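K.L.:
next come a sequence and a model predicted from it.
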Amino acid sequence: MLLAWGTSAGAQTIAITGGTVYPVSGARIENATVLIRDGRIAAVGTNVQVPAGAQQVDARGKWVTPGLIDVATQIGLTEISAVEGTNEGTFRGDEVAAAFNVLEGINPASQLIPVARIEGITTVMSSPGGGLISGQAVALDLWGDRIEDLLIRSPVAIVGQINETAKGAGGGSRAGVMARLRRLFNDAREYDRRRADYQRRQMPDLSAPVADLEALLPVLRGELPIVLAANRRSDIENALRLAREYHLKLVIDGAVEGWQVAEQLATARVPVIINPLTDIPSYDGLSPKLENAALLSRAGVQVIIASFDSHNSRNIKQLAGNAVAYGMDWDAALRAVTLTPAVALGIGDRYGSLEAGKMADVVVWSGDPFEFSSAAEKVFIRGMEVPLTSRQRELLRRYKALPPKYE
């Protein structure tokens, strides 16, 4: 069942005035106003009428963008990687866990949430890990006391992998991995056609429990994206072949050698999620390139920049900045952490750009968000200004000035 509980958080009317606005869906606008009403963006432009009584935020000299979106995290599912009791993102015991939805493992009180939020990250995809088919990912806004408050959509994607780590699910071979995926998809389709036969036990044994096959059906109908981890050129080409065969809404995760097949990815209109600073060769990707993001983007590929680090999701800004340093267009880099991931996950109608009618996830920056010295000065999520505090900042304030007897 697809859930989408996210609603406007309040009835405030807020006008962010005088800033340089980067809507993402269009050209930047100097000395512009972003008007927020009832949790959504009401208007963006230079001639916006500010209603009487609206809360005004002076953004003169500031940069205004949509909230950043990180789609490669386990935020809310992990706290301390080495402490088993704080990790909720892996369903152990089966390489195929398509029915595993991480939603009710999300901890709204996670200390990782404010750490990401104060750096301008307002939305994440929190995903399961492990196995051939890891399970169902969810899209979250990073504000609220309950799962219902955070949730944008569940599931937002099915997550799996066909890279080196998946070989165990295919008998130790990438060819075995692809064969197993095809059998899963074929069995899901066959089950869907012959449900009555299955109930009467008049079908051969299936390759996965019915719950997992049921969970794959929205993917096979093109209703839900499947995010497959693939880094080697040959793995990416296998994924593209699979997508053509089964008409999948595919997203490639990793794509270390994506630059080598950029034209194929662009032609297939398959988005890629990358870390643009990956430059250390491995047997899972012998040809990394710091220009990966730039080369993919220039070829017309829908590039998504992500942190791949729940504890340091905040680094997504620097990753985007480094992609620019290695040749990616600045506007394309901003799109890669806002609108492109939103569209890839099927929430682009509500997220990822500053347009009338969309959710008011807005950040006011001291300067270029991709510059190391810039900071988020105001963060709004669903139209609510959120506090820029975290446990680390509170500890800093507490111990920054020692009592006289300790000086």
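P.N.:
Structure's in. What do you need?
K.L.:
pull the residues that contact the lengthiest helix in the chain.
P.N.:
Across the chain, the longest stretch assigned as helix under DSSP state H is helix 174-193. Residues from elsewhere that reach helix 174-193 (Cβ atoms under 8 Å, 6 or more residues apart in numbering): 96, 132-133, 160, 162, 166-167, 169-170, 198, 203, 206-208, 210, 212-214, 216-217, 220, 234-235, 238, 242, 245-246. Backbone N, C-alpha and C define where each C-beta goes, glycine included.
K.L.:
how far off centre is whatever helix or strand comes next after it?
P.N.:
The helix or strand immediately downstream of helix 174-193 is helix 195-199, counting by DSSP states H and E. Averaging C-alpha positions (Cα atoms, centre = their mean, to the nearest Å) puts helix 195-199 37 Å from its chain's average.
K.L.:
let the chain start at 417 from now.
P.N.:
Sounds good: first residue 417 from here, last item helix 611-615.
K.L.:
can I get helix 611-615 as CSV, trimmed to CA atoms?
P.N.:
Once non-C-alpha atoms are left out, helix 611-615 reads as follows in CSV (Å, rounded to 0.1, in the frame of the first residue of the first chain):
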residue,chain,number,x,y,z
ARG,A,611,-3.7,-16.0,-8.4
ALA,A,612,-6.6,-18.4,-8.3
ASP,A,613,-4.3,-21.3,-9.4
TYR,A,614,-1.9,-20.3,-6.6
GLN,A,615,-4.7,-20.4,-4.0
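K.L.:
now tell me what touches that helix from outside.
P.N.:
Taking Cβ under 8 Å, 6+ apart as the rule, helix 611-615 contacts Tyr607, Met619, Leu622, Val626.
K.L.:
mind doing that once more with 6 Å?
P.N.:
Contact partners of helix 611-615, identified using Cβ atoms under 6 Å, 6 or more residues apart in numbering, comprise Tyr607, Met619.
K.L.:
give me the buried positions along that helix.
P.N.:
By neighbour count on 16 or more other Cβ atoms under 10 Å, the buried set for helix 611-615 is Tyr614.
K.L.:
return a ChimeraX selection command for the buried portion of the contacts of helix 590-609.
P.N.:
Buried members of those, defined by 16+ other Cβ under 10 Å, are picked up in ChimeraX with:
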select :512,548,549,576,578,582,583,585,586,614,622,623,624,628,629,630,632,633,636,651,654,658,662
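K.L.:
leaving out chain neighbours, which residue sits closest to Ala448?
P.N.:
Once flanking residues are discounted, Ala448 sits nearest to Val437: 4.1 Å by Cβ to Cβ, 6 or more residues apart in numbering.
K.L.:
need the contact list for the residue lying closest to Asp777 once chain neighbours are set aside.
P.N.:
The spatial neighbour of Asp777 that comes closest, neighbours along the chain excluded (Cβ to Cβ, 6+ apart), is Gly483 at 3.6 Å. By Cβ under 6 Å, 6+ apart, Gly483 lies in contact with Thr538, Thr539, Asp777, Val779.
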